[in-house]
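Peer 1: Provide a 3D model corresponding to the input given below.
(chains A, B, C and D)
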Amino acid sequence: MAETGILSALGAVIRRDLLLAMRRKSDVLTTLFFFVIVVSLFPLGIGPEMGMLRQIAPGVLWVAALLASMLSLPRLFAADHADGTLEQMALSAVPLGVLVTGKIVAHWLVSGLPLALLAPVLGLQFDLPADALGVMVLALLIGTPVLSLIGAVGAGLTLGVRGGGVLVSLLVLPLYVPALIFGAGAVESHISGLGATAHLSLLAAFLALAAFFGPWATTVALRIALE
Amino acid sequence: MSNGIINWFKFSSPQTFYPLAGKMIPWFWALTAIFGVAGLTIGFFVAPTDAQQGEGYRIIFVHVPASWMSMFIYLVMAFWAALGLGFNTRLSGMMASALAPTGALMAFLSLWTGALWGKPMWGTWWVWDARLTSELILFFLYLGFIALQSAIDDARRADKAGAVLALVGVINIPIIYFSVKWWNTLHQGASVSLTKSPSMAQTMLWGMLLMALAFWMYSIAVSLTRVRAIILERERHAGWVEELPELKS
Amino acid sequence: MNWGSASEFFAMGGHALYVWGSFGACAVLMIVEPILAARRRTTALDELRREIRARKESNE
Amino acid sequence: MLEASNLECVRGEKSLFRGLSFRLAAGACLMVQGANGSGKTSLLRMLCGLSPPAQGEIRWKGEPIRRLAEDYRGELLYCGHAGAVKDELTALENARISATLAGAPVDEEAARAALRQLGLKGREDLPARVLSAGQKRRVALTRLLLEKRRLWVLDEPLTALDKAAVANLCGVIDAHLAGGGMAVLTSHQDLPLAGRVEHLRLD
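Peer 2: From the prediction side, this is the model:
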């Protein structure tokens, strides 16, 4: 298969999934609302003291982002599995890994990117200074693709399995730990004046690793699920 | 060369492995007992009282071996998983699922003894120390593996899905450990170091080593027992199972 | 020898709860686990016996 | 061309069939028959390489299909029980997208022509949600016309189709076979094909 063929197939999958997401807007919006609500609940549970809120803001936003992106994982392959599209993808002349990568990218575009763009607004609720908000967005932009990449492996493994929705969180959340630590740590160390570069580079390195192994592991998992 | 390969495949068939494992299990139990008695004797009667930590330090004689085994078993599990995925050998998957509960037990023991050690030393049951936190995440990884395998009815699919998860986990564990350590130093949390106590005497090291060997033999013995059960459950329609002497009586 | 008497041994220099809590938990779990594993095998064997008997009866 | 030797299929703990061998030359059609649960669908999925056989091997032009991977999939078209038709997309979008996913993109004109040929004229721009089961089936079958593949593996292609559509589909399959293509299919109904059909009974 020629290189251009692979790239155009990749683009086609992304466009297809975005088109489907546009026709099923409620799914995308549910994830976003979930994120907003979870983040807004914390001040109610902890109290409105601004110093405290500022301190917990990075962690709260990141944990909420993990949960929100996980919430959308079961849908990643389930619909395509149910209507037979996944079988067709597995039998395509285009390598399945390419199609899977496209689906992961599309998943990030509809579930990760909006979270990153929404984060500054929520950060204001926690009285984060403007430059910290910038670091927050940057960290989420690097970190949320990791969530989609690792999450896809979990979604592939639990495809069509009893209680898959709950199971996927059990499998995937421990693997999210490095992203959480580097992501939230970036904002914290920026606020404390240490600079966020080290954290962000580590997060980017983790992203590179996840981008390398994630689609491969997801492909293997999907082939197993289709057997 | 070709002869060796054939022998390996023969060895890796459940039919030949089942009686072989049965013969090996008593030996591993005997080794467990020998190493265990020797380790406990040194641990309680030979190793001197620690100058700083008093008698409480003796917990390391179970804590450290349990932590080592919990990590080591995950590696072995991932090794069998990779083998099963690559060569499609039935026994590898069974070995991986036989190891997981023992690994989870070791991780749990490591956490439990770590907490009991932390209370007298630091005045708190739990410290967010890099080792304990990584151990906790390792425990979650084991639970995930077991949960995934038990949620899938088809044994072959369960083996393969578990294998992918174990491999993803084994790539991730060093990163998790590193990130947790990094996080820990940044937050300057209390660092519990059981192994690096300065007054670590030679005898303590010997005691720990013997206990580690005992735990190792124990893990082999119990996982061989479990793999025999798994073989029987999975191969019940194979002809050889009906010929087993256990079933004749 | 570290201990003057048995009671001193069991007191563990005031850390009895922690030391025996650790060793006790290990001992209990490491006895229970092999029993469970062995039980799993005997259950599998029992089931096999029943299955074989059922097959024989249906053949007769 | 397609050659299966000594296949065994195991589902759960049960062996559905074993020692199954056949050979399919260019222009030949194989009809797989058998009761429900006899392993027809399993055999077809095996031929596609979706599930590996417990025993035996499948070869395409003398090479094992496991090794050929994408090269084999590029010559294969599988149409299963599920039609891979998305309710949210229009008939036209469905046809074009599934061709693209298969690695054989087509332009809009070709897709419209294929839909017309299968009797979906005027419904090209309706979302699949409002189409009937038979019409959805026909949307799925446009892939036969759009993707140029040598080997067709069709699992119950006649489900939900009316008489006219069945005749139409038979014409499409006949043309494919006459052009040197191959087909493996299952069907509970009679499939009035013009050419010679070989039969394979499972059970």
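
Peer 1: residue contacts, D:Arg137?
Peer 2: Contact analysis of D:Arg137 by Cβ atoms under 8 Å, 6 or more residues apart in numbering or on different chains lists D:Gly83, D:Pro157, D:Thr159, D:Ala160, D:Leu161, D:Ala165. The C-beta positions use only the backbone N, C-alpha and C, and glycine is treated the same way.

Peer 1: Give me the pLDDT for residue 7.
Peer 2: I went with chain A, as the question did not name one. Note for A:Leu7: predicted pLDDT of 85.

Peer 1: Oops, wrong one, chain C.
Peer 2: Taking C:Ser7 on its own, its pLDDT is 81.

Peer 1: all strands in chain D, in order from the N-terminus.
Peer 2: In chain D, the strands defined using DSSP state E lie at D:2-11, D:14-24, D:29-33, D:55-60, D:63-64, D:76-79, D:151-155, D:182-186, D:197-201.

Peer 1: Include distance to chain B when you put the ones you listed into TSV, please.
Peer 2: What follows is those, written out as TSV (distance: least, Cβ to the nearest Cβ, whole Å):
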stretch	distance to chain B
strand D:2-11	9
strand D:14-24	8
strand D:29-33	23
strand D:55-60	12
strand D:63-64	14
strand D:76-79	20
strand D:151-155	21
strand D:182-186	23
strand D:197-201	25
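
Peer 1: Ok, which of those strands comes nearest chain C?
Peer 2: Closest to chain C of the strands of chain D is strand D:14-24 (Cβ to the nearest Cβ; 14.0 Å).

Peer 1: Just the CA trace of that closest one, in PDB.
Peer 2: The C-alpha trace of strand D:14-24 is given here as PDB (Å, rounded to 0.1, in the frame of the first residue of the first chain):
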ATOM      1  CA  LYS D  14     -17.000 -28.000  21.200                       C
ATOM      2  CA  SER D  15     -15.400 -29.000  17.900                       C
ATOM      3  CA  LEU D  16     -17.800 -27.900  15.200                       C
ATOM      4  CA  PHE D  17     -16.100 -29.500  12.200                       C
ATOM      5  CA  ARG D  18     -12.700 -31.100  11.500                       C
ATOM      6  CA  GLY D  19     -10.800 -32.400   8.600                       C
ATOM      7  CA  LEU D  20     -12.500 -30.000   6.200                       C
ATOM      8  CA  SER D  21     -10.600 -29.400   2.900                       C
ATOM      9  CA  PHE D  22     -11.600 -27.800  -0.300                       C
ATOM     10  CA  ARG D  23     -10.200 -25.900  -3.200                       C
ATOM     11  CA  LEU D  24     -11.700 -23.100  -5.200                       C
END
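
Peer 1: For the chain, which segments count as helices?
Peer 2: You didn't pick a chain, so chain A it is. Assigned by DSSP state H, the helices in chain A fall at A:3-23, A:25-46, A:50-71, A:74-82, A:85-90, A:96-107, A:113-125, A:130-157, A:164-172, A:177-191, A:197-226.

Peer 1: sorry, should have said chain B
Peer 2: Under DSSP H, chain B gives helices at B:2-11, B:14-41, B:60-87, B:90-122, B:130-151, B:155-186, B:202-234, B:239-242, B:245-248.

Peer 1: By proximity to chain A, which residue of chain D wins?
Peer 2: Closest point on chain D to chain A, by Cβ to the nearest Cβ, is D:Ala82, at 2.9 Å.

Peer 1: got a list of what that residue touches?
Peer 2: So D:Ala82 contacts A:Ala82, A:Asp83, A:Gly84, A:Glu87 (Cβ under 8 Å, 6+ apart).

Peer 1: hang on, the earlier thing: need the contacts of D:Arg137 in TSV with pLDDT and distance to A:Ser92, can you?
Peer 2: Formatted as TSV, these follow (pLDDT from 0 to 100; distance: Cβ to Cβ, whole Å):
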residue	pLDDT	distance to A:Ser92
D:Gly83	82	16
D:Pro157	85	20
D:Thr159	83	23
D:Ala160	82	25
D:Leu161	83	25
D:Ala165	84	26
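
Peer 1: Turn these into JSON lines, including distance to chain B and neighbour count.
Peer 2: As requested, these are arranged in JSON lines below (distance: Cβ to the nearest Cβ, whole Å; neighbours: other Cβ atoms under 10 Å in any protein chain shown):
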{"residue": "D:Gly83", "distance to chain B": "25", "neighbour count": "24"}
{"residue": "D:Pro157", "distance to chain B": "28", "neighbour count": "24"}
{"residue": "D:Thr159", "distance to chain B": "26", "neighbour count": "14"}
{"residue": "D:Ala160", "distance to chain B": "30", "neighbour count": "14"}
{"residue": "D:Leu161", "distance to chain B": "33", "neighbour count": "20"}
{"residue": "D:Ala165", "distance to chain B": "36", "neighbour count": "19"}
